[in-house]
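**Student:** After the sequence you'll find the predicted model.
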Amino acid sequence: MLGSASTLIVAFERPAIDWHAVAPELTLLGFGALLTLVDIVWLERGRAVVSALASFGLLASMVPVVTLAWDGADRSTFWGAYVVDDYALVMKAVFLLAGYVVVLLSTNYIAEGDYWENEYYQMLLSAVLGMVVMASARDLVTIFVALELLSIPAYLMATWRKRDLRSNEAGLKYYLMGVFASAVLLYGMSLLYGATGSTMLTDIDAAVSGGGAPLAVVTLGVIFVVVGFGFKVSAFPFHTWAPDTYEGAPTPVTAFLSVASKAAGFVALLSLVFVGFWGRADVYQPLMWALAAASMFGGNLMALRQTNLVRLLAYSGVAQAGYMLAPLAVAGESLATADDALSSVVTYLAIYAAMNLGAFAVIIAVARRTASAEIDTYKGLFRYSPGLAVAMTIFLMALAGIPPLGGWFAKFEIVLALLSPGTAWGVALGVIVAVNSVIALYYYARIASHMWVEAPPESADFDTTTPIKPPTSVSAALVLTGAATLAFGILPQWVGHFTDVSLVIALTG
């Protein structure tokens, strides 16, 4: 009896933890705990230091990222569910630096409002922690936990202006659509687990590629997972939450959602496609083609009619999601094509983070004078605040893909990845990218025309005679994002060197 009972005992071995590999996450976690402690002990007196602590925490977390990159070795822990390679390190660096810029944008904005400042930075660091975990996640459970660690604080941040009805509406819409997307995503993951018997992405790929899993169930699971992340990255037609959420949320939170949150969704999608689903190109390639084309046309055409700059950038973000989805429509053609597609998307994410955060930095600076994000309030901006007009023009033209600004290289990499396999639908999607770039140039140039050519509004309720002086933190954000946008365009080989990453070849040997 004792012997038979002993056969039921299963010994679970504790995984060997590579502490260096998880050092960025532990550093962020430590500073998040420190912010909580400061809030508990110092109460309102802690408001003077929480912004600086959050900034220092994000920069301190970059130190182990740099040391891991310097070491150069790929690391795997938790039985392969957590991997630190070049791809993960590049995306961790993008998330941490984007988070740092958002803290700079938030410092005065949050301090001057009737907000709970201490909790805001705790939520921000928690969301960034979810993104950093997402970059290394190679397991369905880890991906979902990281996504929720990102999403739940983001829901709270979107409705941070608690006495503003539009902010409440923004947070509620974001929450409801986010919960629905999570349910769709989780259902797709459960189908994949049921069909393959594993949550590890490498095991899922082996099962679906080798024909050992039910074809119909796997197909449905892949579709549900892609649709779930389509909500997260605001791809058309799953973008409906984005315009109202962007407009109603505090502007620094909007900047955060438009860049870091979108990038995290793409990181998860890339890991799933290139590691978990790569052998099922017949399923995800047509789906990605349709999502990319619809997002580009839908986002750009709807942006043409916008009169509010934040809503315009929301629809622009839908189109930008389409550009980044496009290479995934040809990723399954070959290993070389897959690597080109992955590198092009990572490059686009890095450059998009710089130019879009810069645009929101200008919006925050101008809104301090105009108290509005309406496009008409930007008329004549060059006449009374030329520095901000020049900065906004740089970021808008970069988003449009005009050389020598960073956006041209991002779009060039996307088109190159689409044309490299020589397939008809890759070439067709490359043409769609080119056509939509021209459409986008129209509404970006219209804003630039308002700033440079037209006179300030005659009935303006704000001062148009003295220059706008942004706070020091916003000016620092403008310098950082502007320098990065210019550097990416003038020295494209520099960013290309860091974003030349691979997932497929390393896994397939």
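**Tutor:** Sure, I can see it. None of the values given here were measured: they were computed from a predicted structure.
**Student:** Tell me the buried residues in the helix or strand harbouring residue 436?
**Tutor:** In this assignment (DSSP states H and E), residue 436 forms part of helix 424-452. In terms of neighbour count (16 or more other CB atoms under 10 Å), helix 424-452 has its buried residues at 426, 429-430, 432-433, 436-437, 439-441, 443-444, 447-448, 450-452. For glycine as for every other residue, the C-beta is placed from the backbone atoms N, C-alpha and C.
**Student:** and what of stretch 39-52?
**Tutor:** Buried, per 16+ other CB under 10 Å, within stretch 39-52: 39, 46-47, 50-51.
**Student:** cool, and stretch 205-220?
**Tutor:** Neighbour count says stretch 205-220 has 205-208, 213-214, 218-220 buried, by 16+ other CB under 10 Å.
**Student:** Stretch 380-388 too?
**Tutor:** In stretch 380-388, counting by 16+ other CB under 10 Å, buried: 380-382, 384-385, 387-388.
**Student:** Mean confidence (pLDDT) on it, please.
**Tutor:** Here stretch 380-388 scores 89 as its mean pLDDT.
**Student:** cool, stretch 171-186 as well?
**Tutor:** Stretch 171-186 comes out at a mean pLDDT of 88.
**Student:** Quick check: buried residues in that stretch?
**Tutor:** 171-175, 177-178, 181-182, 184-186.
**Student:** quick one: which of those residues sit in helices?
**Tutor:** 171-175, 177-178, 181-182, 184-186 (DSSP state H).
**Student:** Put together JSON lines for the residues you listed, with distance to residue 261 on each row.
**Tutor:** Shown next, in JSON lines, are those (distance: CB to CB, whole Å):
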{"residue": "171", "distance to residue 261": "14"}
{"residue": "172", "distance to residue 261": "17"}
{"residue": "173", "distance to residue 261": "15"}
{"residue": "174", "distance to residue 261": "10"}
{"residue": "175", "distance to residue 261": "14"}
{"residue": "177", "distance to residue 261": "13"}
{"residue": "178", "distance to residue 261": "10"}
{"residue": "181", "distance to residue 261": "12"}
{"residue": "182", "distance to residue 261": "14"}
{"residue": "184", "distance to residue 261": "17"}
{"residue": "185", "distance to residue 261": "15"}
{"residue": "186", "distance to residue 261": "18"}
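**Student:** so which of these comes closest to residue 318?
**Tutor:** Ranking those by separation from residue 318, with CB to CB as the measure, puts residue 177 on top at 13.9 Å.
**Student:** now that closest one: how far from residue 59?
**Tutor:** 33 Å (CB to CB, to the nearest Å).
**Student:** Name the spans of this structure whose pLDDT lies under the cut-off.
**Tutor:** The model of the chain has pLDDT under 70 over residues 1-15, 46, 110-117, 210-213, 459-460, 497-509.
**Student:** Just give me the residue right at the centre of it.
**Tutor:** Ranked by distance to the mean C-alpha position of the chain (CA atoms, centre = their mean), the top residue is residue 263 at 2.0 Å.
**Student:** Which residues are in contact with residue 255?
**Tutor:** Shown in contact with residue 255 (CB atoms under 8 Å, 6 or more residues apart in numbering): 101-102, 105, 356-357, 360-361, 364.
**Student:** make it 7 Å
**Tutor:** 102, 105, 357, 360 (CB atoms under 7 Å, 6 or more residues apart in numbering).
**Student:** related to what we said a few turns ago, including distance to residue 316, could the buried residues of stretch 380-388 go into TSV?
**Tutor:** Shown next, in TSV, are these (distance: CB to CB, whole Å):
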residue	distance to residue 316
380	23
381	19
382	22
384	26
385	23
387	23
388	19
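**Student:** Need those residues in a markdown table (columns: distance to residue 468 and secondary structure).
**Tutor:** Converted to a markdown table, the buried residues of stretch 380-388 look like this (distance: CB to CB, whole Å; DSSP: H, G, I helix; E, B strand; the rest coil):
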| residue | distance to residue 468 | secondary structure |
| --- | --- | --- |
| 380 | 12 | coil |
| 381 | 8 | helix |
| 382 | 12 | helix |
| 384 | 8 | helix |
| 385 | 4 | coil |
| 387 | 8 | helix |
| 388 | 6 | helix |
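**Student:** of all these, which two lie farthest apart?
**Tutor:** So, the buried residues of stretch 380-388 by CB to CB: farthest apart are 380 and 387, at 14.4 Å.
**Student:** Skipping its backbone neighbours, what lies nearest residue 69 in space?
**Tutor:** residue 89 (5.1 Å; CB to CB, 6 or more residues apart in numbering).
**Student:** picking that back up, looking at the contacts of residue 255, spot the one nearest residue 26.
**Tutor:** When the contacts of residue 255 are compared against residue 26 (criterion: CB to CB), the nearest one is residue 102, at 21.4 Å.
**Student:** For the closest residue to residue 280 other than its chain neighbours, pull up the helix or strand it's in.
**Tutor:** Nearest residue to residue 280, sequence neighbours excluded (CB to CB, 6+ apart): residue 208, at 5.2 Å. Per DSSP H and E: residue 208 is located in helix 201-209.
**Student:** Skip ahead from the strand or helix carrying residue 37 and say which helix or strand is next.
**Tutor:** Residue 37 is located in helix 23-42, with elements delineated by DSSP H and E. Following helix 23-42 in sequence order, the next helix or strand is helix 50-71 (DSSP H and E).
**Student:** which strands and helices sit next to that following helix?
**Tutor:** In terms of contacts (3 or more CB pairs under 7 Å, 6 or more residues apart in numbering; DSSP states H and E), helix 50-71 is packed against helix 23-42, helix 86-112, helix 117-136.
**Student:** Output those helices as a markdown table; include the columns distance to residue 477.
**Tutor:** Formatted as a markdown table, the helices and strands packed on helix 50-71 follow (distance: least, CB to CB, whole Å):
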| stretch | distance to residue 477 |
| --- | --- |
| helix 23-42 | 20 |
| helix 86-112 | 4 |
| helix 117-136 | 14 |
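**Student:** Of all the ones you listed, which one is nearest residue 164?
**Tutor:** Closest of the helices and strands packed on helix 50-71 to residue 164 is helix 86-112, at 13.4 Å (criterion: CB to CB).
**Student:** What are the buried residues along the closest one?
**Tutor:** 86-111.
**Student:** what do you get for stretch 330-339?
**Tutor:** For stretch 330-339, burial by neighbour count (16+ other CB under 10 Å) applies to 330-333, 337-339.
**Student:** if you look at the residues you listed, which of them are in helices?
**Tutor:** 337-339.
**Student:** and of those residues, the nearest to residue 18?
**Tutor:** residue 339 (25.6 Å).
**Student:** Please report how far that closest one lies from residue 121.
**Tutor:** For residue 339, the distance to residue 121 (CB to CB) stands at 38 Å.
**Student:** what about residue 87, distance to residue 138?
**Tutor:** From residue 87 across to residue 138, the span is 11 Å (CB to CB).
**Student:** And residue 354, by the same measure?
**Tutor:** 27 Å.
**Student:** Comparing the two, which shows the higher neighbour count?
**Tutor:** A count of neighbours by other CB atoms under 10 Å puts residue 354 above the other of residue 354 and residue 138, at 29 against 24.
**Student:** doesn't residue 484 make contact with that one?
**Tutor:** Yes: the criterion here is CB atoms under 7 Å, and residue 354 meets it with residue 484 at 3.9 Å.
**Student:** Please list the outside residues in contact with stretch 385-396.
**Tutor:** 355, 358-359, 362, 365-366, 381-382, 405, 444, 447-448, 451-452, 467-468, 478, 482, 485.
**Student:** how about a cut-off of 8 Å?
**Tutor:** Contacts for stretch 385-396 (CB under 8 Å, 6+ apart): 355-356, 358-359, 361-362, 365-366, 369, 378, 381-382, 405, 444-445, 447-448, 451-452, 467-468, 470, 478, 481-482, 485-486.
**Student:** Distance check, the nearest residue to residue 446 once chain neighbours are set aside against residue 303.
**Tutor:** Sequence neighbours aside, residue 375 is the residue nearest to residue 446 in space, at 7.8 Å (criterion: CB to CB, 6+ apart). According to CB to CB, residue 375 stands 11 Å off from residue 303.
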